[in-house]
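In: Just the structure for this:
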Amino acid sequence: MTRAAGGNLLALSLATAVSVAAQAADEIKSGKWEFTTQMQLPGAVQSAPSGQAAGGNAPMTRIACIDAANPIPAEAQCKVDQVDRRGSLVTWAMTCNSPRGEVHSAGSARYAGNTMEGTVTARVPGPNGQPVDAPGHIAGRYLAPCDAK
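Out: The predicted structure follows:
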């Protein structure tokens with residue numbers, strides 16, 4: 001084999017390995033995940049996007065089973081309005097019912113192996129009836145395979 005042909009074969013092998021690694025990085029690991037959301041709620045607004053009391057700016061943690069086809073955990077009081085997945089990046093919009101009224105939120109997150117990081121902005125009803133935007137951060141971590149049904 002000539003030196004040039006060997007170099008081309010090595011380059012092709014490396015390109016294939018990088019492509020396979022990139023595809024693997026784009027996958028969302030199916031299973032049981034723990035998600036912790038920290039919202040920056042204004043002092044007068046104490047309702048989380050899920051409609052549960054947030055206790056000020058206390059983090060909210062929940063565990064849910066997800067997979068690549070359903071990368072957003074379902075919420076009992078919420079309706080997912082839109083989900084878009086491009087590789088490991090997921091964007092979404094949802095509407096939730098709360099004691100104060102509807103809460104609209106939109107976010108984006110990136111999955112990477114056993115972790116997920118994302119941001120969300122919730123438009124919550126304010127004390128004077130005017131909506132208030134509350135930004136937040138979401139961190140996720142893979143726990144285990146989902147329990148058998």
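
In: Could you use CA atoms for every contact and neighbour count after this?
Out: Will do.

In: Centre-most residue in this protein?
Out: The structure's the chain has its C-alpha centroid closest to residue 109; by C-alpha atoms, centre = their mean the separation is 4.1 Å.

In: Longest strand of the protein, counting residues only.
Out: Counting by DSSP state E, the longest strand found in the chain is strand 131-144.

In: By mean pLDDT, which helix or strand of the chain comes out lowest?
Out: Within the chain, no helix or strand scores below helix 3-26, which has a mean of 35 by mean pLDDT, DSSP states H and E.

In: Helix or strand next in line after that one, which one?
Out: Read in the C-terminal direction, the helix or strand following helix 3-26 is strand 31-39, with elements assigned using DSSP states H and E.

In: Report all helices and strands that that following strand contacts.
Out: Applying 3 or more C-alpha pairs under 8 Å, 6 or more residues apart in numbering; DSSP states H and E, one finds that strand 31-39 contacts strand 60-66, strand 131-144.

In: and the ones you listed, which is most packed in?
Out: Each of the helices and strands packed on strand 31-39 was scored by mean neighbour count; the highest is strand 131-144, a mean of 18, by mean count of other C-alpha atoms under 10 Å.

In: Using CSV, write down the CA coordinates of that one.
Out: The C-alpha trace of strand 131-144 is given here as CSV (Å, rounded to 0.1, in the frame of the first residue of the first chain):
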residue,chain,number,x,y,z
PRO,A,131,-48.0,38.1,33.2
VAL,A,132,-44.4,38.0,34.5
ASP,A,133,-41.6,36.1,32.8
ALA,A,134,-39.6,33.8,35.1
PRO,A,135,-36.4,32.3,33.8
GLY,A,136,-35.1,29.0,35.0
HIS,A,137,-32.4,26.4,34.7
ILE,A,138,-33.0,22.6,34.4
ALA,A,139,-30.4,19.9,35.2
GLY,A,140,-31.1,16.3,34.5
ARG,A,141,-29.3,13.1,35.3
TYR,A,142,-29.8,9.5,34.2
LEU,A,143,-30.7,7.2,37.1
ALA,A,144,-31.5,3.7,35.7
